[in-house]
Structure formats: C-alpha cells, structure tokens
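[1] With the input below, show me the fold.
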Amino acid sequence: MNYETIELNESDGVVILRMNRPAVMNALNTQMRGELAHAVTLAPKLGRALVITGNGGAFCSGQDLGDGVNAAEPDLERTLRDEYFPLMRAMIGLDIPVVAAVNGAAAGAGANLALLSDVVIAAESAYFLQAFSRIGLIPDAGGTWLLPRQVGIAKAMGATLFAERISAKEACQMGMIWESVPDDEFASRWLSRARHLADGPTQAYAKIKQALRSSYGNGFEEQIAFEAKLQGEAGKTRDFKEGLLAFVEKRKPEFEGR
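    Modelled structure (predicted):
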C-alpha cells in the first residue's frame, strides 16, 4: 500500500514506520491516524519487530488542531473513539515488540503514542509534553491509563496539571521510558535494539507482553494462574527448544518464532 503521511520499510526483520509530516512536526490528522493503524496492523506480516519514529526534528506534536476541526463545537469523543482507538488497540495488541524511537518533541497525543509502545528510546534532545491542559483538555490517547502506571500518581498529576516539558533524561529517571541516548548515538542505538528484538524469541515476547499487561487487572492468584498457562505454551515452542539446546551447547540461539 502507498501511504501519504507515513513511510514504511523493512530491514533485517525490523519494520520501520516513520511519521512523515515534518512541516507540522508530524501532527496527527485523520489520514495519518488511519494510515498508522493500517501499517501497525500490517507490521507482523513484514517483520519481527516494529519501530515507530518521526521524520524531521519531531517525533509527533499530537493532534493537528487545524485538521478540519469545528472550533465552535468539535466532537472530540467521536474523534477519539473512531480514529484514535483503532490505532491504540492495534499497538497494544500487537504480538511483535514495538519500539518508539523518539527523535524529538513528543507532545500531547504524540507523547502518549510513544508511551503505548513496549519500549521507548529517546534522543537526549527529545522531550515529552502532556500539553492538554494548556488548551483546557485532559490527557487522551491512553494518557490517563499509561502515566499513573508508569510514573505513579504524583508524577502523573504534575506532568498533566502543569503541562511542562519533561526532558528525555528526566523521563528515563522517572521510569516513563526505557532509555535516553546521546543524539549522536541515537540512530544506531534504536536500530541495534530493534534488531536484537527481531532476532529474539518472538512468541515469548508476545506472551511477555500479554502477561505484563494483564497484571494491571488481575489479582495475585489470577495472575500466577495466567502466568503458568502462558509458560506452559511457551515451553512447547520451537524457540524454547532451540534456546535450551543453544544454552547446553554454549552457542547463540537461532530463533524462528514458531
């Protein structure tokens, strides 16, 4: 499929999705949201790990406020339900690992798009901004669910009420993201991380994602039962057999993902 607002490529098992509206800091319009959802859903057919990043100097500045919005009475609930939710569900439900390579500003829904990923790697010059309260709104695109779980209620409240920039280094220290990388190492770092995941046991990764995400809603007994179920399934995969054999033979495993 030919996309107009994004670029989609594959290299060595890594699917690289680049938001491509640099003139507006990769702001999300209706077309981009649809193309992103389609590309994310397609990614497992193309490779074994997905990277989402932005072209130009920004990752994503959030909702494009000039995208045909009726300023008198915009239907924001409909926009979220019909346009954002399919993208959010696609990202959360993806079996392959998803890496957000945050190359610059990640603001509003753009910040929460990054946080929906499994792993966030950011350039040190990048920043995160929950900008919603600046225009009289609440965090959306999953922000009210993601932030308290990642940084705790106190930090989540401060980030959303004050709507101040959070540097990549600070976001890393807060536990909001996985790592902050010097700008001159950023491109090689996220690519090597993504290739590591693409070479790994993809079925185990899928089950890890299921297990960790389910823990938010499960009690202890429910979670350990679900954990045991998933582990039993993982133990029947070719990847487990290969990983065990490689350990015994003291060599690097060659995972197939089946």
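[2] which residues sit against stretch 194-211?
    The contact list for stretch 194-211 (CB atoms under 8 Å, 6 or more residues apart in numbering) reads 12-14, 16, 47-49, 51, 95-97, 99, 101, 118, 223, 226-227, 230-231, 233-234, 237, 239-240, 243, 253, 255, 257-258. No exception for glycine: its C-beta is placed from N, CA and C like everyone else's.
[3] repeat that for 7 Å
    Contacting residues not belonging to stretch 194-211 are listed as 12-14, 47-49, 51, 95-97, 99, 118, 226-227, 230, 233-234, 237, 239, 243, 255, 257 [CB atoms under 7 Å, 6 or more residues apart in numbering].
[4] so where's this protein shaky on pLDDT?
    68-73, 257-258 (pLDDT under 70).
[5] Got the domain ranges for it?
    The record's domain split for the chain, according to automatic domain parsing, is 6-198, 202-249.
[6] Please work out which of the ones you listed is packed deepest.
    domain 6-198 (a mean of 19; mean count of other CB atoms under 10 Å).
[7] can you give me the helices in the stretch 151-258 of the chain?
    153-162, 168-174, 183-198, 202-214, 220-234, 238-249 (DSSP state H, counting those that start in this stretch).
[8] Now that we have these, can you turn them into a markdown table and tack on distance to Leu87?
    Shown next, in a markdown table, are the helices of the stretch 151-258 of the chain (distance: least, CB to CB, whole Å):
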| stretch | distance to Leu87 |
| --- | --- |
| helix 153-162 | 21 |
| helix 168-174 | 22 |
| helix 183-198 | 20 |
| helix 202-214 | 17 |
| helix 220-234 | 26 |
| helix 238-249 | 29 |
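[9] Bridge partners for Phe128, pull those for me.
    Ala106, Ile166 (DSSP bridges).
[10] That one is in contact with Ala171, isn't it?
    Yes. With contact defined as CB atoms under 7 Å, Phe128 reaches Ala171; the gap is 5.3 Å.
[11] OK, contacts around Phe186?
    Contacts of Phe186 by CB under 7 Å, 6+ apart are 103, 123.
[12] separation between it and Ala101?
    7 Å (CB to CB, to the nearest Å).
[13] ok, now Asp118?
    12 Å.
[14] cool, and Lys236?
    Distance from Lys236 to Ala101, by CB to CB: 34 Å.
[15] Show the contacting residues for Gln231.
    No contacts exist for Gln231 under CB under 7 Å, 6+ apart.
[16] got it, and the one 3 residues further on?
    Ala234 is in contact with 203-204, 207, 240, counting by CB under 7 Å, 6+ apart.
[17] What separation do you get for the spatially closest residue to Ile177 that is not a sequence neighbour and Ala156?
    Once flanking residues are discounted, Ile177 sits nearest to Val120: 3.8 Å by CB to CB, 6 or more residues apart in numbering. For Val120, the distance to Ala156 equals 16 Å [CB to CB].
[18] which helices and strands does the helix or strand containing Leu8 pack with?
    Remark: Leu8 resides in strand 6-11, with elements defined by DSSP states H and E. Under the contact criterion of 3 or more CB pairs under 7 Å, 6 or more residues apart in numbering; DSSP states H and E, strand 6-11 touches strand 14-19, helix 30-46.
[19] The last one versus strand 6-11: what angle between them?
    Relative orientation of helix 30-46 and strand 6-11, computed by axes from the mean of the first three to the mean of the last three CA atoms, to 10 degrees: 10 degrees.
[20] which element follows helix 30-46 toward the C-terminus?
    By DSSP H and E, the next helix or strand past helix 30-46 is strand 49-54.
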